[in-house]
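J.: pasting the structure only:
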């Protein structure tokens with residue numbers, strides 16, 4: 001629902017929240033590479049580029065100066081044209097800013113050796129930013145031929161000298177046999193981050209995303225939030241998706257080889273029917289300047305899972321080391337008395 005901040009009036013977004021989710025159409029990957037997608041699949045947006053982290057963020061037309069939501073760098077919103085493939089799907093925010101802030105402060109409170117001032121600063125600081133972060137999803141039909149070896153473990157008994165005595169021990173050996181075969185797998189919605197504004201270790205740790213709840217894209221979903229334009233092009237995104245696919249194909253091959261051990265010598269994968277979607281996923285984001293350093297925290301807008309950068313309190317670490325030394329010294333003193 002869209003809710004007016006001034007009068008409380010609500011209006012539903014057409015097609016959203018249906019009991020049976022609407023199927024979101026995929027786009028042809030080869031057509032995108034050849035720049036031959038239908039013109040209605042391309043849009044031109046007005047974005048500002050952060051001079052520090054290069055994030056491309058949409059701002060309202062009446063906003064002329066702001067802070068980058070990704071790194072807290074002041075920017076002048078001299079928007080420029082940005083042509084991109086339209087989003088096909090959007091995963092709406094499931095909870096509000098207050099719940100996201102609670103998740104973040106609880107997470108900060110659970111960190112060892114974090115400065116107490118940071119948690120207090122974050123709790124009383126400025127509001128979190130709701131950002132729709134761009135992702136690619138890829139579908140592909142793969143068929144792989146492989147060669148390798150299947151290993152069977154067997155044991156030999158040997159006599160060895162231990163402490164001057166002959167002792168029999170069992171030694172594991174592997175008998176290898178050459179093998180070849182084929183595996184096939186259809187990949188559905190391999191998810192790849194289409195942004196370089198946040199460290200991947202943060203965004204990867206926010207997974208899993210409930211992609212089954214994706215809604216067909218409508219601009220109304222972005223009301224009250226910001227959206228980031230993608231900076232990872234579709235070809236780069238598919239290269240990363242292929243790395244993920246290849247790992248799963250290698251796992252399938254090892255299972256197909258069987259035995260106790262497996263060796264893979266060669267893999268020839270034929271990939272077809274590649275399709276993709278540009279989708280937007282919800283993240284609550286805070287970027288704080290604390291004692292001259294920028295610290296970023298991200299909250300999954302569906303699950304509340306938190307990831308972020310954290311400083312360490314040298315004073316707390318020193319106290320912990322001192323306490324450890326005192327405990328060790330006390331234990332040593334007690335042991336010495338008992339002797």
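T.: Looks like it came in fine. All values reported here derive from a predicted model rather than from experimental measurement.

J.: Only C-alpha atoms from now on, for both contacts and neighbour counts.
T.: OK.

J.: just for the stretch 1-150 of the chain, where's the confidence low?
T.: 1-22, 46-48, 53-82, 108-126 (pLDDT under 70).

J.: Just the strands from it, written as ranges.
T.: For the stretch 1-150 of the chain, applying DSSP state E, counting those that start in this stretch gives strands covering 2-3, 10-11, 27-28, 42-49, 56-57, 65-67, 74-76, 80-85, 89-90, 129-162.

J.: so which of those comes closest to residue 99?
T.: For residue 99, the closest of the strands of the stretch 1-150 of the chain is strand 129-162, at 12.2 Å, according to C-alpha to C-alpha.

J.: Report the buried residues of that closest one.
T.: 129-140, 142, 144, 146-151 (16 or more other C-alpha atoms under 10 Å).

J.: which secondary structure elements does that strand contact?
T.: strand 165-193, strand 226-227, helix 234-257, strand 261-290 (3 or more C-alpha pairs under 8 Å, 6 or more residues apart in numbering; DSSP states H and E).

J.: Quickly, which of the ones you listed bottoms out on average pLDDT?
T.: In terms of average pLDDT, strand 226-227 trails the rest of those, at a mean of 82.

J.: That one packs against which elements?
T.: Checking 3+ C-alpha pairs under 8 Å, 6+ apart, strand 226-227 ends up next to strand 129-162.

J.: Strand partners (parallel or antiparallel) of the strand it packs on?
T.: strand 165-193 (antiparallel), strand 226-227 (parallel), strand 261-290 (antiparallel) (DSSP bridges).

J.: now the angle from the first one to helix 234-257?
T.: On the basis of axes from the mean of the first three to the mean of the last three C-alpha atoms, to 10 degrees, strand 165-193 is oriented at 150 degrees to helix 234-257.

J.: buried set for strand 165-193?
T.: Result for strand 165-193 [16+ other C-alpha under 10 Å]: buried residues 176, 180, 182-184, 189-193.

J.: Just put the helices and strands packed on strand 129-162 in CSV and tack on distance to residue 100.
T.: Listed next are those as CSV, based on distance: least, C-alpha to C-alpha, whole Å:
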stretch, distance to residue 100
strand 165-193, 21
strand 226-227, 16
helix 234-257, 29
strand 261-290, 7
